[in-house]
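**Student:** I would like to see how this sequence folds:
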Amino acid sequence: MSTLFATTVYTQGMSTDAEDADLPLLDRIENAGKTFHADKARYQQSREELFDAIVDGVTKFGPSEVARRAGFTREYVARIRDGKVKRQVRD
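**Tutor:** Reported below is the predicted structural model:
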């Protein structure tokens, strides 16, 4: 009986394989979260810059040329121009 108790006390202070396996996963989750938020911020900035350029471009070149250059439809460019497409990305 004392041997069982000694073994139990000894193993409680040690980390198990399951705990060690979780640490890298938690690190991966944390790193992925940081990457996601940084990429989202870059995407948001790029989206705003594109929308500004589209609005400026439509007045100078018309929606057809801007749509061709941006890779969007004329209808979508017109919606951006008219403010019917949100500049902010929602979660």
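**Student:** Tell me the first helix or strand C-terminal of the helix or strand of the chain with the lowest mean pLDDT.
**Tutor:** Lowest on mean pLDDT, DSSP states H and E among the helices and strands of the chain sits helix 2-12, with a mean of 45. Using DSSP states H and E, the helix or strand that directly follows helix 2-12 along the chain is helix 17-61.
**Student:** what packs against that next one?
**Tutor:** helix 63-70, helix 74-81 (3 or more CB pairs under 8 Å, 6 or more residues apart in numbering; DSSP states H and E). In short, each C-beta sits where N, CA and C put it, glycine included.
**Student:** got the contact list for the first one?
**Tutor:** Think helix 63-70. The contact list for helix 63-70, computed with CB atoms under 8 Å, 6 or more residues apart in numbering, reads 50, 54, 57, 58, 73, 74, 76, 77, 78, 81.
**Student:** Would you mind measuring from the third one to residue 63?
**Tutor:** Applying CB to CB, to the nearest Å, the value for residue 57 to residue 63 is 9 Å.
**Student:** low-scoring stretches of the protein, by residue?
**Tutor:** Residue ranges of the chain with pLDDT under 70: 1-22, 89-91.
**Student:** any idea how far the residue most central in space within it is from residue 43?
**Tutor:** With distances taken as CA atoms, centre = their mean, residue 36 lies nearest the centre of the chain, 3.4 Å away. Distance, residue 36 to residue 43, by CB to CB: 10 Å.
**Student:** which secondary structure element contains residue 87?
**Tutor:** Per DSSP H and E, there is no helix or strand for residue 87.
**Student:** so who does it touch?
**Tutor:** 47, 48, 51.
**Student:** So which of these wins on neighbours?
**Tutor:** residue 51 (17 neighbours; other CB atoms under 10 Å).
**Student:** What distance do you get for that one to residue 62?
**Tutor:** From residue 51 to residue 62 the distance is 17 Å (CB to CB).
**Student:** try residue 23
**Tutor:** 57 Å.
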